[in-house]
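[1] Pasted the sequence and its predicted model underneath.
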Amino acid sequence: MKTFSTPLSPLPEPLSGSAIGSFAHSTITERFPKIANETIQDNDFTPQVISHLQQLIDEIPHAPLRLLQDPGAPDITVWDMGLQPLMGKDWLEAPWFVAEMYFYRRILEATGFHQPGPFQGYDPFQEQKRRVLETADSSTENLASLLENSIHDKQVGKKNWDLYLQQLLVLNVWGNQADLSMWSADERRPDHRSQDDQHTHLLVNDAQQVVQLLSARKQLERVDFILDNYGPELIHDIGLADLLLTFDLSRTVRLHAKPTPHYVSDAMIQDIYSTVNYLVNHDSPAAKDLASRIQRHLRDQRLEIVEDYFWTSPTYFWEMPMRIRDELRTSDLVISKGDANYRRLAGDLNWPSTTPFEDVVRYFPTSLLALRVLKAELALGISPSQVDQLDEEDPDWQVNGQWAVIQFFQR
């Protein structure tokens, strides 16, 4: 593993599934087979594809990892390099983050995503994505109404964008509860709908620091989103991007999407356009207006959508290739969405929860805002008193999707 510029030494050990009873262990031994079986059930696959997926299920957790068998795939070289040091290790012995990324990449191998055939380019999670979008109507209407109110205030001369921005950041982070890699579209998941719940379950809230950054600058040149989930979360990402552009807080916004299906509900470029189409056809006039503004932002090239295979690679953010580092360095603010991206920022290492967030991510090439619901046994920047209270009152606080952070590092 490559190291990064940090005053903290030595680095902690990577999280892995080797500890029985850990969330990583249950993810690999229980959630992986469940997700693969749901993928079979949700699709009309050929017997050959079903056989490949069943072979994947049978390997978990004790078969040794193997190199991908996906000739010509655009990411094969990166995966070969990432997997070579792990040859001989099984799913539980490998770093948990790599095992997760590998699992979803193996699903694409099994279904023939990169190979000529009936499922080339096919999203095996599209049925689950469709079902989760059906749960977004109420939150979409609330978001669109909030944005409409902000525009009305702007028109009448009320300069209160800061209040709306803070509200949208809180709503946005809780959109991360809609994660199909944790809870399928048919399962009940945590859902903090009341403002009281949303604020009391925020362990860190640096939203005011983001307001201060924007207040200090007449206009940012660009804000980048490293996207996470499709559905309610992506809708809130689009809403936050709209606020930044409508109020000229940033000249442009760039959305970084996954190039392939990943983590069940991770957003690809096609998912962004299908979300805009969902807003166009929504019953709420405010949602339709939001869609119109997004379409205008796209036409004016103020809203940009890009993809890169780095986002689905088995490497951490401090190992980002120079093309990604150079691109992010030109951004005034990067907004990292969700749990997996947070884990990549921290190297998915077993940091003490009280470790300052800024001490770990100071290698990042520009200012960074992390919006994340906790779904893994890794947290940063939590005060000792909070940790003691949470350990006593909610022992599963790091993994149950009930707690979140809004954490800011200014470069």
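    Alright, I've got the coordinates. For clarity, every value in this text was computed on a predicted model and none was experimentally measured. Residues are numbered from 1 along each chain as shown.

[2] which residues pair with residue 220 across the strands?
    Assessed by DSSP bridges, residue 220 has beta-bridge partners residue 250.

[3] OK, contacts around it?
    In this structure, residue 220 makes contact with 214, 244, 249-251, 332-333, judged by CB atoms under 8 Å, 6 or more residues apart in numbering. C-beta here means a position set from N, CA and C on the backbone, and glycine is covered the same way.

[4] mind redoing it with 7 Å?
    Residue 220 is in contact with 214, 249-250, 332-333, counting by CB atoms under 7 Å, 6 or more residues apart in numbering.

[5] Out of these, which comes closest to residue 67?
    Set against residue 67, the nearest of the contacts of residue 220 by CB to CB is residue 333 (37.9 Å).

[6] what about residue 80, how many neighbours?
    Residue 80: 11 surrounding residues under other CB atoms under 10 Å.

[7] ugh, wrong one, residue 299
    If you count neighbours by other CB under 10 Å, residue 299 ends up with 9.

[8] Repeat that for residue 37.
    13.

[9] again with residue 71
    Neighbour number of residue 71 under other CB under 10 Å is 8.

[10] just the one 3 residues further on next, same as before
    The burial metric for residue 74, expressed as a neighbour count using other CB under 10 Å, is 11.

[11] Would you tell me what helix or strand it is located in?
    Residue 74 belongs to no helix or strand when assigned by DSSP states H and E.

[12] Setting the sequence-adjacent residues aside, check what's closest to it.
    residue 309 (6.1 Å; CB to CB, 6 or more residues apart in numbering).

[13] Could you give me the buried positions within the longest helix seen in the chain?
    What stands out as the longest helix in the chain, according to DSSP state H, is helix 137-155. Under the neighbour-count criterion of 16 or more other CB atoms under 10 Å, helix 137-155 has 139-141, 143-144, 146-148, 150-151, 154 buried.

[14] Whichever helix or strand comes after it versus helix 137-155: what angle between them?
    Sequence order places helix 161-175 as the next helix or strand after helix 137-155, per DSSP H and E. Taking axes from the mean of the first three to the mean of the last three CA atoms, to 10 degrees, one finds helix 161-175 and helix 137-155 inclined to each other by 170 degrees.

[15] wait, what's in contact with the spatially most central residue of the chain?
    By CA atoms, centre = their mean, the mean C-alpha position of the chain lies nearest to residue 228, the distance being 2.6 Å. By CB under 7 Å, 6+ apart, the contact set of residue 228 is 176, 266, 337-338, 341.

[16] what about the helices in the stretch 1-150 of the chain?
    Secondary structure of the stretch 1-150 of the chain by DSSP state H, counting those that start in this stretch: the helices cover 23-26, 32-42, 47-59, 76-83, 96-111, 126-133, 137-155.

[17] before we move on, back to that, and the residue nearest to residue 74, what is it in contact with?
    Each residue near residue 309 by CB under 7 Å, 6+ apart is listed here: 74-75, 78, 259.

[18] Could you list the low-confidence segments of the stretch 201-350 of the chain?
    For the stretch 201-350 of the chain, no stretch has pLDDT under 70.
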